[in-house]
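1. Dropping the sequence and predicted coords here.
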4 protein chains.
Amino acid sequence: MHMTYTAAVAGATGYAGGELLRLLLEHPDIQIGALTAGSSAGSRLGDHQPHLAPLADRVVADTTAEVLSGHDVVFLALPHGQSAAIAEALGPDTLIVDCGADYRLVDAAAWEKFYGSAHAGTWPYGLPELPGARAALHGAKRVAVPGCFPTVASLALAPAVGAGLVEPDVVVVAATGTSGAGKSLKPNLLGSEVMGNASAYNIAGTHRHTAEITQSLGAVAQGPVAVSFTPVLVPMPRGILATCTAKLQPGVTADQLRDAYLKAYADEPFVTVLPEGRLPTTAAVLGSNNVQIQVAVDEAAGRAVVIGAIDNLTKGTAGGAVQCANLALGLPETAGLSTVGTAP
Amino acid sequence: MHMTYTAAVAGATGYAGGELLRLLLEHPDIQIGALTAGSSAGSRLGDHQPHLAPLADRVVADTTAEVLSGHDVVFLALPHGQSAAIAEALGPDTLIVDCGADYRLVDAAAWEKFYGSAHAGTWPYGLPELPGARAALHGAKRVAVPGCFPTVASLALAPAVGAGLVEPDVVVVAATGTSGAGKSLKPNLLGSEVMGNASAYNIAGTHRHTAEITQSLGAVAQGPVAVSFTPVLVPMPRGILATCTAKLQPGVTADQLRDAYLKAYADEPFVTVLPEGRLPTTAAVLGSNNVQIQVAVDEAAGRAVVIGAIDNLTKGTAGGAVQCANLALGLPETAGLSTVGTAP
Amino acid sequence: MHMTYTAAVAGATGYAGGELLRLLLEHPDIQIGALTAGSSAGSRLGDHQPHLAPLADRVVADTTAEVLSGHDVVFLALPHGQSAAIAEALGPDTLIVDCGADYRLVDAAAWEKFYGSAHAGTWPYGLPELPGARAALHGAKRVAVPGCFPTVASLALAPAVGAGLVEPDVVVVAATGTSGAGKSLKPNLLGSEVMGNASAYNIAGTHRHTAEITQSLGAVAQGPVAVSFTPVLVPMPRGILATCTAKLQPGVTADQLRDAYLKAYADEPFVTVLPEGRLPTTAAVLGSNNVQIQVAVDEAAGRAVVIGAIDNLTKGTAGGAVQCANLALGLPETAGLSTVGTAP
Amino acid sequence: MHMTYTAAVAGATGYAGGELLRLLLEHPDIQIGALTAGSSAGSRLGDHQPHLAPLADRVVADTTAEVLSGHDVVFLALPHGQSAAIAEALGPDTLIVDCGADYRLVDAAAWEKFYGSAHAGTWPYGLPELPGARAALHGAKRVAVPGCFPTVASLALAPAVGAGLVEPDVVVVAATGTSGAGKSLKPNLLGSEVMGNASAYNIAGTHRHTAEITQSLGAVAQGPVAVSFTPVLVPMPRGILATCTAKLQPGVTADQLRDAYLKAYADEPFVTVLPEGRLPTTAAVLGSNNVQIQVAVDEAAGRAVVIGAIDNLTKGTAGGAVQCANLALGLPETAGLSTVGTAP
């Protein structure tokens, strides 16, 4: 018998919310319920998400526990700090999949250092492709969806770090599209500023996602990993292309390195280790839940070089969230998700 | 008395040639002479460079020594391998400023490894901001203009490497606009492929500019420097944003690091070490000969992080070439060059 | 009982072919069979369409009738002039959906004027939303899919022209993304040329789609319609935004005009006449089969102004083709097609 | 003897102000004086205009008559409605060049209809290439710089309209870059929204520039001209590409039409009627004060088709302002302005 679940989306007028709805509209087993937002509550979704034609006339409600209750799953795409109150009000039986940061970090001190507020707690981390992570998501009632940069950086580095093939000291430079910053009305996010322009931001370890990458790779390495992370804003709406390098341990060969990746992701539906000679591109994964990875050895520099590409809104946020919801609800992990990108 | 020089441009229909002409049109002391090209010889410049209105009706000649001779300076913007024959034919008294790679490398073995052909020789390296480089350019008759990536990567790292503040083991990831690839008709350079897309290429030490960065930093360090270099193609016509990191030597402080940069570039007209809190952007240097640099310390990762921005066609090619020609001809180094970008 | 059809795609390595495959991969009733191409035959699809992960290892065959035969439907995405021979060889019982121009025009003289070759003939025109067009597509064995510009321009103007509300003298200016030009390796299609640039091309009635728009509107008007059409290339990979105007007939009101559109498209699954105050954008229909239309009256100028947006590769080519195949095969018209765009 | 003038710029932190400063930095006869702004007064210019390296440390003052007084010329780049008070306070002897709309329209009723406020008055209109306009600018003390769309639309249509070669009923569809909207923090101007997207706005005669085009063409035609104007936002920071059409009067030939343009602009330093076979592009005029025009006849549609390209910030705003200031101050009209674009 075919079972259909209902889902509410809090933050439906933002980019993450819009991507959740785009995916849920095609999901065979989940039906869209309440849509909520903050300041834009009361307006029609079509004013904010004109690409979601079937939902254009839906009125967006206020983000309250009352509106969100009564669904099988509630997706939260809210500014950080707002999840705890909602989670408490909804109670322990509602599946809550939080696209925000509140429950991602285990270490309260790391949270406080990067977010400057009290730590809310820790939920199962929604990156099933990390070693051991999937088990905790089956049947879970709470999921913390990873940040977009940690998704691609962790998956690009985990096999090498986990197998001890590289030193626990990694450098990640990630070119990102602008939607990662959300719909914030900041001058530097205006089209006039972004187009024809590349710029680094939050450099030298100040980006909040640094803590998350450090946490995930540390767990994989079973020891501390130094993470140098630099995000670079480039002129495209979506996509992250992460260049990740680390010193090879002595004697490690290119074949060993490649094998570690092939083995790690052999059964993963959403991670593609590309054949030699092909390189990841963000266009190839646009709108898809796929992660493209290529791995190579720079002999002269003594480094492993791993390139990873994702769509920051899909696998990096909403697609990852749906994947976790599938696991939590007992649905096929790939339900409603595609490995087919929209290109050119 | 005001002295005017004449300049020929070989490769006038390409991007580097076009940028040379754009700058020379505004140069107070250099007059444009012959324009030459390969397969597009015989056509009018306006068919190839519609932005150079004053030269629209100029007919482009074949690239031959005959056409190029009789000028005070000849700028070569040619595919590699073509400079030697022209240089020999023009003789030792004509200033030749080569925007190509032929004479950049000192080490013949490095040349052969990366270019797969016989080494033509070595000319004075046209990056006057590197320690000791300017002296060799005053009155020179031959100049090898650096590659675009080496220009920004070397300037971003030289002060730290030269002062021994970081380990001689650097990671450079550089987002670049598409014009660096020239007008090559390759599928991956089509607008449909480039827009909305980021992709790494020539990864793991296979990009030819790796040899040049290694050479320049090695000279600065007076010892070998490991260079991990990854270029990332992003959707913009111009500009390079280089993220450069290296492990700090023990005990080095952020102030020491910053001071090294301020001191190194205090008198440089075309290098701006930005005040703390401002970050380089390629838009800010578009069309200008300026290099923007910011430097910071990532305490947790133990790394120096240096961000550099240039316009690959201006400071990274044609502007650097004009700057060197100025030095070689005895003109003011800044003649015809601007630190003002065109934004937004 | 669920019936599955098989489809071959000729021209699988181009943009139209890639979009056909993207849609067919999600089609519930059509299975992908042979993939063929011209010069890239023998290579793997992943080398050309990296976004189509499930088909990455498929080898592309030569475009021959032998390879294409034995499928229920053959989609042709070929340069014009190549369809007739294939159609003859495949015989009258195979459904052929031609994304090319060969069989679109009724008037042989118009064909010869614009294409400079002999007229191949006329097939049912695959724009079901035009008056009378759908009937001819039910059970058809041959379909000529419209050009991308004619799709949006005809749908944007047909209600006004057909109801006699405007003079039969229309002006269409359409901003288009670059993928409409295919993967042609032309200098003006390079990313460096396209980004940051807008340019008109094939002006003053020389674009071939002019004939098709003229034909469709003439049929709707039951009389000659003058069509001034100008395409404008703008920096985006996909999408057409058409601005269409015509003088209002005396006494026609804004309400009459709007009503004509609402009535014409009331039952159309893929045409949305937007509520007043919302305007079409190409982003809202990206990757979808939807057409967004807004219509208004400029009282001072005495003109109807109609704005239409489509994705040139989806509704404008491959989506339109699948829609027609659905009609021809007796499937639900909307099978495998979505009205949900991918934005931002 | 060389005379240098001083200039103040009000609105120095916006796009028009930034472009004024970019041009004035290269102007041989004008020295930059006070820089003022509204809410960003008190900050350094480098925080807002990082491309203007020589002015990075200049502190921006409040926009008051006190600060602006004492300069030979004051450029105003302010929201509309603010010019009158400043003009009155500065007195009749200071040259004021207003980039805003306040004094552009002659007809108070038209002003009130489009701007909804009281009409401030009318100053000499700063489009010297229009018939009769230059004379009024020589030695003027007040100049109203035209809007960006009116600049290109009026110049593209004036020769045909003025010579009576077309009906006084024109259609203008203009693709524009985003900087025309200024630095307004509106959601639809975010990079995420703009990139990969084309959209019309202020359709059906509601854009304020309609009044200005109507006024200029009416003056040229010496009678009323119907203007249908539609602006289309496309993904580029700068540039306008205007497609302008009008019905040809009976018997008018393509040669007659072309001759009218060649004659009208024969002596204009900033208008280039391109040779047949070349088409205007916004890239070719980026950062330059040039206007590119191509004109052709669509025989089948019976229309003149004129394509015009400008940089909206240069010839369309700040370049036009400097050109007018030159005329008003008695300097060479081209001083500090270039016909060379920055491309690619």
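-> Received, thanks.

2. pLDDT-wise, which helix or strand of chain A ranks last?
-> helix A:83-90 (a mean of 92; mean pLDDT, DSSP states H and E).

3. Quick one: list the elements packing against the helix or strand following that one.
-> Using DSSP states H and E, the helix or strand that follows helix A:83-90 in sequence is strand A:95-98. On a contact count with 3 or more Cβ pairs under 8 Å, 6 or more residues apart in numbering or on different chains; DSSP states H and E, strand A:95-98 meets strand A:73-76, helix A:83-90, strand A:142-144, helix A:319-329. Any C-beta I mention is one placed from the backbone N, CA and C, and that applies to glycine too.

4. For the third one, name the packing helices and strands.
-> The contact analysis (3+ Cβ pairs under 8 Å, 6+ apart) places strand A:142-144 against strand A:95-98, helix A:319-329.

5. hmm, who's touching it?
-> Residues outside strand A:142-144 that contact it (Cβ atoms under 8 Å, 6 or more residues apart in numbering or on different chains) are A:87, A:95-98, A:101-104, A:122-126, A:137, A:321, A:324-325, A:328.

6. what number of residues lie near residue A:63?
-> 23 (other Cβ atoms under 10 Å in any protein chain shown).

7. what do you get for residue A:320?
-> Applying other Cβ under 10 Å, we find 29 other residues in the vicinity of residue A:320.

8. Can you report how many residues neighbour the residue nearest to it when sequence neighbours are not counted?
-> Nearest non-adjacent residue to residue A:320, counting by Cβ to Cβ, 6 or more residues apart in numbering or on different chains: residue A:145, 5.2 Å away. Neighbour count for residue A:145, taken as other Cβ under 10 Å: 31.

9. Against chain B, how distant is residue A:145?
-> Here residue A:145 is placed at a distance of 23 Å from chain B (Cβ to the nearest Cβ, to the nearest Å).

10. Then residue A:148?
-> 14 Å.

11. Likewise for residue A:17?
-> 21 Å.

12. what's the burial count for that residue?
-> Neighbours around residue A:17, by other Cβ under 10 Å: 29.

13. Could you identify the longest strand within chain A?
-> strand A:166-176 (DSSP state E).

14. For chain A, which residues are neighbours of chain D?
-> Residues of chain A found near chain D (Cβ under 8 Å from any Cβ of the partner chain) are A:15, A:177-179, A:181, A:183, A:185-187, A:189-196, A:235-237.

15. What average pLDDT does stretch A:190-206 get?
-> Average pLDDT, stretch A:190-206: 97.

16. how far does it stretch from start to finish?
-> 23 Å (Cα to Cα, to the nearest Å).

17. Same check on stretch A:211-231?
-> So stretch A:211-231: terminal residues 14 Å apart, Cα to Cα.

18. distance between it and the chain's centre?
-> Its chain's average C-alpha position is 16 Å from that of stretch A:211-231, according to Cα atoms, centre = their mean, to the nearest Å.

19. again with stretch A:296-306
-> That offset, for stretch A:296-306, works out to 27 Å (Cα atoms, centre = their mean).

20. Now it - C-alpha only, CSV.
-> This file holds the C-alpha atoms of stretch A:296-306, laid out as CSV (Å, rounded to 0.1, in the frame of the first residue of the first chain):
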residue,chain,number,x,y,z
ALA,A,296,44.4,13.4,-8.3
VAL,A,297,47.9,13.5,-7.0
ASP,A,298,50.2,16.5,-7.5
GLU,A,299,53.6,14.7,-7.3
ALA,A,300,55.7,17.8,-7.4
ALA,A,301,53.8,19.4,-4.5
GLY,A,302,53.3,16.2,-2.7
ARG,A,303,49.6,16.8,-2.3
ALA,A,304,46.3,15.1,-2.9
VAL,A,305,44.0,17.4,-4.9
VAL,A,306,40.3,16.7,-4.7
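
21. tilt between the longest strand of chain A and strand B:166-176?
-> 30 degrees (axes from the mean of the first three to the mean of the last three Cα atoms, to 10 degrees).

22. does the next helix or strand after strand A:166-176 come close to chain B?
-> Per DSSP H and E, the first helix or strand lying C-terminal to strand A:166-176 is helix A:191-194. Yes. Residues of helix A:191-194 contacting chain B under Cβ under 8 Å from any Cβ: A:192-193.

23. who touches helix A:191-194?
-> A:178, A:187-188, A:233, A:235, B:283, B:344, D:15, D:177-179, D:181, D:183, D:189-191, D:193-195, D:235, D:237.

24. Looks like the residue nearest to residue A:320 contacts residue A:98 (just checking).
-> Yes. Taking Cβ atoms under 8 Å as the definition, residue A:145 is a contact partner of residue A:98 at 6.3 Å.

25. Could you give the bridge partners of residue A:295?
-> On DSSP bridges, the residues paired with residue A:295 through beta bridges are residue A:306.

26. which residues of the stretch 1-150 of chain A fall in strands?
-> Taking DSSP state E, counting those that start in this stretch as the test, the strands found in the stretch 1-150 of chain A are A:5-10, A:30-37, A:61-62, A:73-76, A:95-98, A:142-144.

27. partners of the first one, with directions?
-> Strand A:5-10 has the following strand partners under DSSP bridges: strand A:30-37 (parallel), strand A:73-76 (parallel).

28. Show me where chain A dips below the pLDDT cut-off.
-> A:1-2 (pLDDT under 70).

29. can you pull out the helices in it?
-> A:15-25, A:65-68, A:83-90, A:108-115, A:133-137, A:148-162, A:191-194, A:209-221, A:254-265, A:319-329 (DSSP state H).

30. May I see the ones you listed arranged in CSV, with distance to residue C:243 as well?
-> Below are the helices of chain A laid out as CSV (distance: least, Cβ to Cβ, whole Å):
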stretch, distance to residue C:243
helix A:15-25, 27
helix A:65-68, 41
helix A:83-90, 45
helix A:108-115, 47
helix A:133-137, 49
helix A:148-162, 36
helix A:191-194, 20
helix A:209-221, 42
helix A:254-265, 48
helix A:319-329, 35
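
31. OK, contacts around the closest residue in space to residue A:36 that isn't next to it in sequence?
-> For residue A:36, ignoring the flanking residues on the chain, the nearest one in space by Cβ to Cβ, 6+ apart is residue A:63 at 4.1 Å. Residues counted as contacts of residue A:63 (Cβ under 8 Å, 6+ apart) are A:10-11, A:36-38, A:41, A:78, A:82, A:86.

32. again, only this time at 7 Å
-> A:10, A:36-38, A:78 (Cβ atoms under 7 Å, 6 or more residues apart in numbering or on different chains).

33. and of those residues, the nearest to residue A:51?
-> residue A:37 (16.5 Å; Cβ to Cβ).
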